[in-house]
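Q: sequence and predicted structure are below.
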Amino acid sequence: MRIKLEGKNSRIVVMAIFLTISCVLTYYYHRVFDLGTVFTHFFYIPIILASLWWNRRGLVVAIFLATFLVLSNNIFREIVLTTNDYSRAALLIIVGYVVAVLSNQIAKTGETLRESEERLRGFMNSATDGFIVLDSKLNYLDINKAALKITGLTKEEVVGKSITDVEPDIKKTGRYNKYMEVLKTGNPFFVDDLVPHPKFGDIHLSLSAFKVGDRLGITIVDITDQKRTQEELKKHRDHLEQLVEERTKELQHSQEQLVRQEKLTVLGQLAGGVGHELRNPLGAIKNAAYFLNMVLKQPEPEVKETLGILDREVATSERIISSLLGFARPKPPVRRKVDINEVVKEMLSCTTVPENVEVVRQLDESLPDITADPDQLGQVFGNIIRNGIQAIPEDGQLVVKSEVFQSGWVAISFTDTGVGIPLEEQQRVFEPLFTTKTKGIGLGLALTKILVEGHDGTIEVQSEVGEGSTFTVRLPIGEEREKGREIGGGEGEVAK
């Protein structure tokens, strides 16, 4: 029959049996054989059990057996007791007392341990941060409710299992080796890492690992919302910085425009005065050269060459003066029906083309007439053609092309195979007085832009250093004139 010793009554029954056996055996050997009991050591069994079960109250059993041992020798055997008999009885009491004290200490230690475990478990379950306890082989021993909520796992899924079973990829992250290092050295480990979640994918966790005895404690905090907030703040900060940068550029551009406008005003006044003052003496020089050509029927070669130079330089000066006056006080275009191809051909025919430059015409003869000022367009095309020719230092081509750009628009492009224009200079070529040529005052393209915009058109340039440049002028045919700035697309990148 199996006896259960957990209950109070069961322990009393067992103790009564042991005491009865002890008393019967003592009486039997003393009375029948007149011998001292050889079962004295058997007395230690009930004494130790009583002390373990009832602590100091178990001393009653030790005292009872010690007294019974002394009296049995005196009553049943009628002998004089010796010091050895009393020492044996005292030893029973001492053993019972020592075991009782140790049992009491063990009970108190166990109670303290249980209270500590209860407090720890209560702390873990009430904590808002996740807490995990692993053994020395990184097997889960315990996990609190917060950690279960953060990770989306259940206690049955983790307790008793290895961390590699719960997180199969943990070794790839490097945290597995770090945890083992914490157990080995005792130095804590902190990291923010992405951890897989069964419902929400990867989540951001702040993990702290530290050694607790021979175990590993890990605290986890869900910082996913914090990370998202930081990312949102970074986006807003970057957007704000971009807005500030754009606004700063706008203010700088406005300031530059204001300074440029002030310069243009002064330049216009100066250009108008200088142009009028120079035109009269140039006219006298031109008339004098014409008179000399008439008077000298067969001039010397040197004289003839000098008069030719004089005529060319006077024409150049007149063109510069016209640019100054046109820039200072631009006239509104006198519009009429114009064949744009004829204007291009006329400017090509009256422009001196060096032998090293080949002019290629790709003119669409089906272009419709446009409403424009032919004189101003001639000035525009003449400036661009001369710039293209001057940009070709050696053998090269100047391709002139006309086409319908889109409904209601025509485009005339001039492509040279010259030296090209650096990107940093392309933003300034339409500024007055900016030039990269040794000869010239930098008003040609500035005036060209003014005249094109006066026709509600646009001008833009694409250029690469060493490849050449392409100037493209886009003009409305007639009824689309008022929409020119919207459809044309602005200046774009420009070059000289």
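A: That came through, no problem.

Q: output the below-cut-off pLDDT ranges for the stretch 251-400 of the chain.
A: Counting by pLDDT under 70, the stretch 251-400 of the chain shows low-confidence ranges at 260-261, 263-276, 279, 319-330.

Q: where exactly do the strands run in it?
A: Along the stretch 251-400 of the chain, counting by DSSP state E, counting those that start in this stretch, strands occupy 336-338, 357-363, 370-372, 396-406.

Q: partner strands of the third one, with direction?
A: Each strand pairing with strand 370-372, determined using DSSP bridges, is listed with its direction: strand 336-338 (antiparallel).

Q: now do the longest one
A: When sheet partners are counted by DSSP bridges, strand 396-406 sits next to strand 357-363 (parallel), strand 409-416 (antiparallel).

Q: can you show me the CA trace of it as PDB?
A: What follows is strand 396-406, C-alpha atoms only, in PDB (Å, rounded to 0.1, in the frame of the first residue of the first chain):
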ATOM      1  CA  GLY A 396      33.000  72.900 -88.800                       C
ATOM      2  CA  GLN A 397      29.300  73.200 -89.600                       C
ATOM      3  CA  LEU A 398      26.400  75.600 -88.800                       C
ATOM      4  CA  VAL A 399      23.100  73.800 -89.300                       C
ATOM      5  CA  VAL A 400      20.100  76.000 -89.600                       C
ATOM      6  CA  LYS A 401      16.700  74.200 -89.300                       C
ATOM      7  CA  SER A 402      13.100  75.400 -89.300                       C
ATOM      8  CA  GLU A 403      10.100  73.300 -88.400                       C
ATOM      9  CA  VAL A 404       6.600  73.300 -86.900                       C
ATOM     10  CA  PHE A 405       7.300  73.000 -83.200                       C
ATOM     11  CA  GLN A 406       3.700  72.200 -82.300                       C
END
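
Q: ok, back up a step: got JSON lines for the strands paired with strand 396-406, with mean neighbour count too?
A: No exception for glycine: its C-beta is placed from N, CA and C like everyone else's. Output for the strands paired with strand 396-406, formatted as JSON lines (neighbours: other Cβ atoms under 10 Å):
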{"stretch": "strand 357-363", "mean neighbour count": "14"}
{"stretch": "strand 409-416", "mean neighbour count": "22"}
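
Q: redo those strands as a markdown table? Include distance to L141.
A: As requested, the strands paired with strand 396-406 are exported to a markdown table (distance: least, Cβ to Cβ, whole Å):
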| stretch | distance to L141 |
| --- | --- |
| strand 357-363 | 85 |
| strand 409-416 | 80 |
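
Q: among those strands, which is nearest Y97?
A: Of all these, it is strand 409-416 that lies closest to Y97, at 116.2 Å by Cβ to Cβ.

Q: could I get the average pLDDT for that closest one?
A: For strand 409-416, mean pLDDT is 94.

Q: show me what counts as buried in whichever helix or strand comes after it.
A: Next helix or strand after strand 409-416 toward the C-terminus (DSSP states H and E): helix 423-426. Going by neighbour count (16 or more other Cβ atoms under 10 Å), the buried part of helix 423-426 is Q426.

Q: tell me which other helices or strands the helix or strand following helix 423-426 touches.
A: Using DSSP H and E, the helix or strand that follows helix 423-426 towards the C-terminus is helix 444-454. If you count contacts as 3 or more Cβ pairs under 8 Å, 6 or more residues apart in numbering; DSSP states H and E, helix 444-454 packs onto helix 301-328, helix 374-390, strand 458-464.

Q: and helix 444-454 with strand 458-464, angle?
A: Helix 444-454 and strand 458-464 are oriented at 140 degrees to each other (axes from the mean of the first three to the mean of the last three Cα atoms, to 10 degrees).

Q: walk me through the domains of the chain.
A: Here the domain parsing of the chain from automatic domain parsing is 8-123, 128-222, 236-309, 333-488.

Q: right, I'll leave it there.
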